[in-house]
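[1] Predicted model and sequence follow; I will ask about them next.
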Amino acid sequence: MLHDQASAKTLGMARIVVFGLAAVSRVFCPVWEISYIPDYYPVGIMQLLGAGLWVPLITHPVAMAIHVLTIGLLLVVAAGMGPYRLLAPLACIALTLCEGMVRVYVIVSHTHMVMLFSAYILCWFPAADALTLFRRRNPRSASPVMYRAPLVASSLVMCFTYMMTAAKRISYGGISIYLNDTILTATATRDAELGSAGGLGIWACESVFMASVLRFGFPLVTLLELLSPLCVFSKPFRWVWMAVIVPFHIGAGLFMGIWFTYNLALMPILIAGFDPFLRRNLRGKRNVHPGK
């Protein structure tokens with residue numbers, strides 16, 4: 001089973017990657033830009049806040065402060081500094097607030113979902129028992145299951161996002177979309193929308209070889225997405241899954257301008273199962289607590 005050899009080192013690496021990526025995502029998505037939107041209407045979590053709360057939040061000074069504070073919290077948690085059990089939930093709440101604030105002008109997709117949900121999972125487990133910036137006093141060794149459970153849960157979250165995406169695709173489009181040139185039409189249309197930034201998508205559709213790859217790969221990707229939860233239980237399947245899904249994401253980025261950068265960055269930790277590698281190569285490193 002995936003993560004059956006997970007340790008504090010593995011969970012510590014997951015903490016660094018998840019919260020580090022979250023901080024990077026905030027850098028490239030400035031929250032204060034919502035103050036320039038003339039008719040701002042809240043979506044998602046922002047709708048749960050009354051107008052008396054969300055109206056002040058979208059002013060330029062407050063939005064800027066939230067942006068900076070969120071990045072700072074995420075970096076501190078990624079480094080494992082301070083009281084982790086207090087700062088990690090605060091960082092997750094701040095990240096959720098930022099995501100909710102910008103979704104009014106940024107497309108809502110599942111590109112950030114795995115990162116966000118994984119952060120919430122990690123904040124309730126001892127993810128700061130190893131690989132922290134400063135050595136902690138009186139480090140304690142938690143039960144092995146406490147290191148494995150959050151990684152398995154995060155992996156299942158990633159798998160279920162792919163499974164549900166494929167299920168929605170089939171429920172909306174049916175089987176017919178795999179029997180015609182729907183994928184070529186979608187690729188060319190999306191590429192044309194990119195304007196001068198595009199070009200590769202239309203080229204791929206005009207290429208006999210690439211068009212055949214797209215036609216064959218479309219149903220194959222959907223099938224593997226539907227079976228994604230098997231990655232947690234079968235090592236051969238997850239390597240086949242990654243061998244198809246990783247090129248799929250790269251192709252979607254090149255041909256359609258849709259990049260799943262954060263998912264690709266999380267796959268080595270959540271899907272590839274590099275737990276033995278981390279155990280072996282981080283042994284004896286600074287701030288790796290004994291017995292982990």
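    Nice, thanks for sending it over. Numbering: from 1, shown residues only.

[2] any low-confidence regions in the protein?
    By pLDDT under 70, the weakly predicted segments of the chain are 38, 43-44, 50-51, 104-109, 135-141, 275-292.

[3] Could you check how far the closest residue to Leu49 other than its chain neighbours is from Leu57?
    Distance criterion Cβ to Cβ, 6 or more residues apart in numbering; nearest residue to Leu49, sequence neighbours excluded, is Pro42 at 7.1 Å. Every residue, glycine included, has its C-beta placed from N, CA and C. As defined by Cβ to Cβ, to the nearest Å, Pro42 lies at a distance of 9 Å from Leu57.

[4] shared neighbours, the two?
    Common neighbours of Pro42 and Leu57 (criterion: Cβ atoms under 8 Å, 6 or more residues apart in numbering): Leu49.

[5] Now stretch 60-69 - C-alpha only, CSV.
    Presented in CSV, the C-alpha positions along stretch 60-69 are these (Å, rounded to 0.1, in the frame of the first residue of the first chain):
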residue,chain,number,x,y,z
HIS,A,60,-6.7,47.8,-1.1
PRO,A,61,-4.9,48.2,2.2
VAL,A,62,-6.7,45.3,3.9
ALA,A,63,-6.4,43.0,0.9
MET,A,64,-2.6,43.8,0.7
ALA,A,65,-2.2,43.1,4.4
ILE,A,66,-4.0,39.7,4.1
HIS,A,67,-1.9,38.8,1.1
VAL,A,68,1.4,39.5,2.9
LEU,A,69,0.3,37.9,6.1
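
[6] got the buried residues for it?
    Ala63, Ile66, His67 (16 or more other Cβ atoms under 10 Å).

[7] show me the contacts for the last one.
    Applying Cβ under 8 Å, 6+ apart to His67 gives the contacts Arg26, Pro30, Val31, Trp32, Cys98.

[8] pretty sure the first one contacts Leu74?
    Yes. Because the distance of 6.8 Å satisfies Cβ atoms under 8 Å, Arg26 is recorded as touching Leu74.

[9] Of the two, which one has the most company?
    Shown here are Arg26 and Leu74; by other Cβ atoms under 10 Å, Leu74 has more neighbours (28 against 24).

[10] Let me know the distance separating the more buried one from Met115.
    Separation of Leu74 from Met115 (Cβ to Cβ): 11 Å.

[11] And for Ala79?
    For Ala79, the distance to Met115 (Cβ to Cβ) stands at 17 Å.

[12] same thing with Ala265?
    Distance, Ala265 to Met115, using Cβ to Cβ: 9 Å.

[13] Kindly report the same for Glu193.
    From Glu193 to Met115 the distance is 26 Å (Cβ to Cβ).

[14] ok, now Ala22?
    To Met115, Ala22 is 6 Å away according to Cβ to Cβ.

[15] more crowded one of the two?
    Each of Ala22 and Met115 has its neighbours counted (other Cβ under 10 Å); Ala22 has more, 28 against 25.
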